[in-house]
Structures are given as structure tokens and as C-alpha cells.
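Chemist: Below: sequence and its predicted model.
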Amino acid sequence: MKKVLLVIDDGENIEMLVGRITEQYLPDLRVISAKNGTEGLAKARTEHPDMILLDVKLPDIEGYEVCRQLRADPQTKNMGILMLSGVAREPEDVVEGMDCGADDYIFKPFVVPDLVARLHKLMKRD
């Protein structure tokens, strides 16, 4: 059975890009998406993804807060979370991401092998 990755990002092309990458390099991973934090929290609770690729800057709720809410909810607290940002690129941003419960943090634009390695690592965790 395929594992599920929920991409929470308001970028127009990120779901398609991640979908192509996972199709080629991680075929046992199915990608679903949400365009904002509210939708992402709802999908995490209803779709039960194995892992989440979470943008820091979302139009409604900051990704750090989405991460905190995911970790506080018994239904979603054990999902792997990889935070992603093109603007929050300072060391303190990474620390904040880890402090709110993220398993890892990656910058946009990302290098494909780096994203694949991080997602692969999350797929292997139990």
C-alpha cells in the first residue's frame, strides 16, 4: 500500500513538481495537496497522510502554527513533517520549525536529491 504525502503549500506548481519527483524517485508515495493551513489541517485529520510537506508562509495560518496544531492533536501528532520555505531561511527560522515539532526543514528552491532523501527518511520512520 502506498504511503501518502500531504503537500500544504499555496504555490501553484509545488504539488505538480513534488508529484513528478515522487513518481520518478519514490513511486510508493501518493501525493495529495492543500492550498492553505486550514485546508491542510482538515485534510490531515480526514485523509491521515503518513507525512506532510508544510510551507512556512501560508495565506491564512503560518506554517509554524499549523505544525504546532498537528503535534497537539492525537490524530495527527505522529505524522512526519518536513517544513519548506523560500523566505524563512535564517538559522532561527530552522530552529523555530524544529521547536514547533517539525522533523526536518528544507529551503526553496530545493535540490531534487535533497528533497528525495528527506522524504525517503520520513517514509522509513515509524
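Modeler: Yep, it's here. Residues are numbered from 1 along each chain as shown.
Chemist: Count the residues that sit near residue 81.
Modeler: Counted by other CB atoms under 10 Å, the residues lying close to residue 81 total 25. Where you see a C-beta, it was placed from the backbone N, CA and C, and this is true even at glycine.
Chemist: Adjacent strands (with direction) for the helix or strand harbouring it?
Modeler: Here residue 81, judged by DSSP states H and E, is contained in strand 80-85. The pairing partners recorded for strand 80-85 under DSSP bridges are strand 51-55 (parallel), strand 104-107 (parallel).
Chemist: For the shortest one, output the C-alpha coordinates as PDB.
Modeler: What follows is strand 104-107 as a C-alpha-only set of coordinates in PDB (Å, rounded to 0.1, in the frame of the first residue of the first chain):
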ATOM      1  CA  ASP A 104      13.100  18.400   9.200                       C
ATOM      2  CA  TYR A 105      13.400  21.700   7.300                       C
ATOM      3  CA  ILE A 106      14.300  22.400   3.700                       C
ATOM      4  CA  PHE A 107      14.600  25.600   1.600                       C
END
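Chemist: out of the strands paired with strand 80-85, nearest to residue 22?
Modeler: Taking CB to CB, strand 51-55 is the member of the strands paired with strand 80-85 nearest to residue 22, at 9.9 Å.
Chemist: Please work out which of the strands paired with strand 80-85 is packed deepest.
Modeler: Counting by mean count of other CB atoms under 10 Å, strand 51-55 has the highest mean neighbour count of the strands paired with strand 80-85, with a mean of 27.
Chemist: Measure how the next helix or strand after that strand sits relative to strand 80-85, angle-wise.
Modeler: Sequence order places helix 63-72 as the next helix or strand after strand 51-55, per DSSP H and E. Angle of helix 63-72 versus strand 80-85, following axes from the mean of the first three to the mean of the last three CA atoms, to 10 degrees, is 170 degrees.
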